[in-house]
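**Student:** sequence unavailable; structure follows:
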């Protein structure tokens, strides 16, 4: 085997086990398979070229995610039409209180829990609407379980920035889900769960 | 020292994300036991986070076409710049020294790429993060019971010969994307992390009656298998102490 082939083999052995999570992240970033595949190919090639910059003994998965995010920002990023959610922090916290109260009441009463009624589809949609910098931080933390330090490394931002993006991202997500729960009649805007079916139907007919 | 509601709410995410150290965790847990509002908030945030995780986690496997595309692309990449650095150096320094340097480089690189090292890395990563435990108990039976429906293999918490080693608890973790049981022990105030896994899915070079030692960034990791189960023990103890601890 030539030296180059050996090197490639070593690289493949180390990197290819992470291809599934990388592809998952690529899909989340690009929202379509074609772009995700291009992004993966560019990422793997770039990682191979710069493999000597990877510090052995550090987390290879985090390093690969960093390369992926970089490639995405440099080449694949399209101006996506995101409806930005701009809300004041105070207002978000107010919603949180109502949301917590409703969820807790339903849990205590042993009914179908409020959170269980939110469909995965709805959560994904709410996630899509998050501004990208918040969305990335939340996904890296909640889906891929990276530590704050690793997320900071991947995004090339200080840990403090990561923490505030996570905080804000989650609040925005909660606001969006809260609004949805109100729209669907799972909770009343004043925070009480809607339990009376007749009232609910009357209200629906009236609208 | 106790925490106030405002502090709890400010650091709620850091706590739930496993960024707290032992002391901070104890402080927040103590507060949550006495404050209903904060405890409801934590339950809500935890449940929502779980929901988000589940809704977003479904992984689409990489299509075969993409795999072959990646292979093809890699085979077409020319040798990266590293090799010429070594070749260049050889002209600059005496041949013998160059040969030594080359041998050293090859060994350290190989060392770094071995799968067992990758496993050791993951264990250190978990050990370092000091994440909250799902079950807190000093009885091995309780901890064993907790894992019985969570991992597809029997979790037998190791019994260490030294009497001052105490089981603290455990939680479910994923080690290189495979289910593993994570147990925390305490010895003289120091934390020792023990990971129990299926050695067939994590071919961690966890060979019978043989311990593999790893020294990485000041941590010691011992990987071995016993009774068909894989074990990895990680701590910041000196290697001699670790050897003494696990009895090898």
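**Tutor:** Arrived safely, thanks for sending. This one's a predicted model, so the numbers in the text were calculated from it and none came from an experiment.

**Student:** for residue A:26, give me the pLDDT.
**Tutor:** At residue A:26, the model reports a pLDDT of 92.

**Student:** wait, residue A:45 touches residue B:71, no?
**Tutor:** No. Assessed by Cβ atoms under 8 Å, residue A:45 is found out of contact with residue B:71, at 11.2 Å. To be clear about C-beta, it is placed using only N, CA and C from the backbone, and glycine gets the same treatment.

**Student:** tell me which of these two has more neighbours.
**Tutor:** Legend: neighbour count by other Cβ atoms under 10 Å in any protein chain shown for residue A:45 and residue B:71, higher for residue A:45 (17 against 14).

**Student:** name the element the more buried one belongs to?
**Tutor:** helix A:33-49 (DSSP states H and E).

**Student:** name the helices or strands packed onto that helix?
**Tutor:** helix A:3-15, helix A:19-30, helix A:60-71, helix B:64-76 (3 or more Cβ pairs under 8 Å, 6 or more residues apart in numbering or on different chains; DSSP states H and E).

**Student:** can you point out the buried residues in that helix?
**Tutor:** Counting neighbours by 16 or more other Cβ atoms under 10 Å in any protein chain shown, one finds that the buried residues in helix A:33-49 are A:35-49.

**Student:** correct me if wrong: residue A:126 contacts residue A:177.
**Tutor:** Yes. Using Cβ under 8 Å, residue A:126 is in contact with residue A:177, at 5.5 Å.

**Student:** could I get the average pLDDT for the helix holding residue A:45?
**Tutor:** Mean per-residue pLDDT for helix A:33-49: 92.

**Student:** that one to helix A:60-71, inter-axis angle?
**Tutor:** Put simply, helix A:33-49 runs at 120 degrees to helix A:60-71, going by axes from the mean of the first three to the mean of the last three Cα atoms, to 10 degrees.

**Student:** what is the orientation angle of helix A:33-49 with helix A:19-30?
**Tutor:** 120 degrees.

**Student:** quick one: residue A:103 from chain B, how far?
**Tutor:** 5 Å (Cβ to the nearest Cβ, to the nearest Å).

**Student:** which stretches of the chain form strands?
**Tutor:** Looking at chain A here, since you left the chain open. Secondary structure of chain A (DSSP state E): no strands located.

**Student:** please refer instead to chain B.
**Tutor:** Counting by DSSP E, the strands of chain B are B:135-136, B:166-175, B:178-187, B:190-197, B:212-216, B:219-226, B:229-235.

**Student:** is it possible to get TSV of those that adds mean pLDDT and mean neighbour count?
**Tutor:** Listed next are the strands of chain B as TSV, based on pLDDT from 0 to 100; neighbours: other Cβ atoms under 10 Å in any protein chain shown:
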stretch	mean pLDDT	mean neighbour count
strand B:135-136	88	16
strand B:166-175	87	19
strand B:178-187	88	21
strand B:190-197	90	22
strand B:212-216	76	17
strand B:219-226	81	22
strand B:229-235	87	24
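
**Student:** out of these, which gets nearest to residue B:23?
**Tutor:** With Cβ to Cβ, the closest approach to residue B:23 among these belongs to strand B:190-197: 12.0 Å.

**Student:** show me what contacts the spatially most central residue of chain B?
**Tutor:** The centre of chain B sits closest to residue B:123, judged by Cα atoms, centre = their mean, with a distance of 2.3 Å. Contacts for residue B:123 were tallied using Cβ atoms under 8 Å, 6 or more residues apart in numbering or on different chains; they are B:175, B:193, B:195, B:221, B:232, B:234.

**Student:** at 7 Å what do you get?
**Tutor:** Residues counted as contacts of residue B:123 (Cβ atoms under 7 Å, 6 or more residues apart in numbering or on different chains) are B:193, B:195, B:221, B:232, B:234.

**Student:** between those, which is closest to residue B:182?
**Tutor:** Comparing the contacts of residue B:123 against residue B:182 with Cβ to Cβ places residue B:195 closest, at 5.7 Å.

**Student:** spatially nearest residue to that closest one, not counting backbone neighbours?
**Tutor:** Ranked by Cβ to Cβ, 6 or more residues apart in numbering or on different chains and with sequence neighbours excluded, the top spatial neighbour of residue B:195 is residue B:232, at 4.3 Å.

**Student:** now the residue of chain A found nearest chain B: phi and psi?
**Tutor:** Using Cβ to the nearest Cβ, the closest approach of chain A to chain B is made by residue A:56 at 2.9 Å. Note on residue A:56: backbone dihedrals following degrees, to the nearest 10 are phi -60, psi 140.
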